[in-house]
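Trainee: sequence and computational prediction follow.
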Amino acid sequence: MIGRRPYEGTGEGMPPVNWAVVLDHLEGEVLAAEQSMAHDRAEEIAAWGRRADDWVPPSGLGPIPPDLRERAARLLQHQLAVAEALIERITQSQKQRDVAARMSYGPARPVASFIDRAL
């Protein structure tokens, strides 16, 4: 199933594809992205940021039913908020890496030592 959306296909044992299933899957992805951020999983956060494919609804669904439009609108707002938070987190991480790269990890500069000698 790698590379396929879980709601694609109608093979045996698979639930019928409908808008409720599609919205469930999309909500799961948004929650997974939020969880990655909540647990500061840098690699997962970066992976979410590298996703470049536009989402395309499965074929044959037709327009979203009126009773699911409000849910879809809320989900879209949630997705946009999470996407904005991901961008912010990725930007902050890049800035931190840039600062760390500019820091010198070489030997520390000599520190002045004062020795009190009786004259």
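Mentor: Done, it's in. From a predicted model like this one, the values you see are computed outputs, not experimental measurements.

Trainee: from now on I want contacts and neighbour counts done on CA atoms only, so please keep to that.
Mentor: OK.

Trainee: can you count the residues close to residue 94?
Mentor: Residues within reach of residue 94, counting by other Cα atoms under 10 Å, total 12.

Trainee: let me know the helix or strand that it is in.
Mentor: helix 66-102 (DSSP states H and E).

Trainee: tell me the confidence at residue 88?
Mentor: The model reports residue 88 with a pLDDT of 88.

Trainee: any idea how far residue 51 is from it?
Mentor: Distance of residue 88 to residue 51, given as Cα to Cα, to the nearest Å: 16 Å.

Trainee: looking at those two, which is more packed in?
Mentor: Neighbour count, other Cα under 10 Å: between residue 88 and residue 51, residue 88 has more, with 12 against 8.

Trainee: distance check, that one against residue 43.
Mentor: 15 Å.

Trainee: what does residue 74 give?
Mentor: Counting by Cα to Cα, the gap from residue 74 to residue 43 is 28 Å.

Trainee: same question, residue 96
Mentor: Residue 96 is 15 Å from residue 43, by Cα to Cα.

Trainee: follow-up on the earlier one: how about the helix holding residue 94, which residues are buried there?
Mentor: Judged by neighbour count (16 or more other Cα atoms under 10 Å), helix 66-102 contains these buried residues: 72, 75, 79, 82, 83, 86, 87, 89, 90.

Trainee: got a pLDDT number for the fifth one?
Mentor: Spelled out, that is residue 83. Here the pLDDT value assigned to residue 83 is 88.
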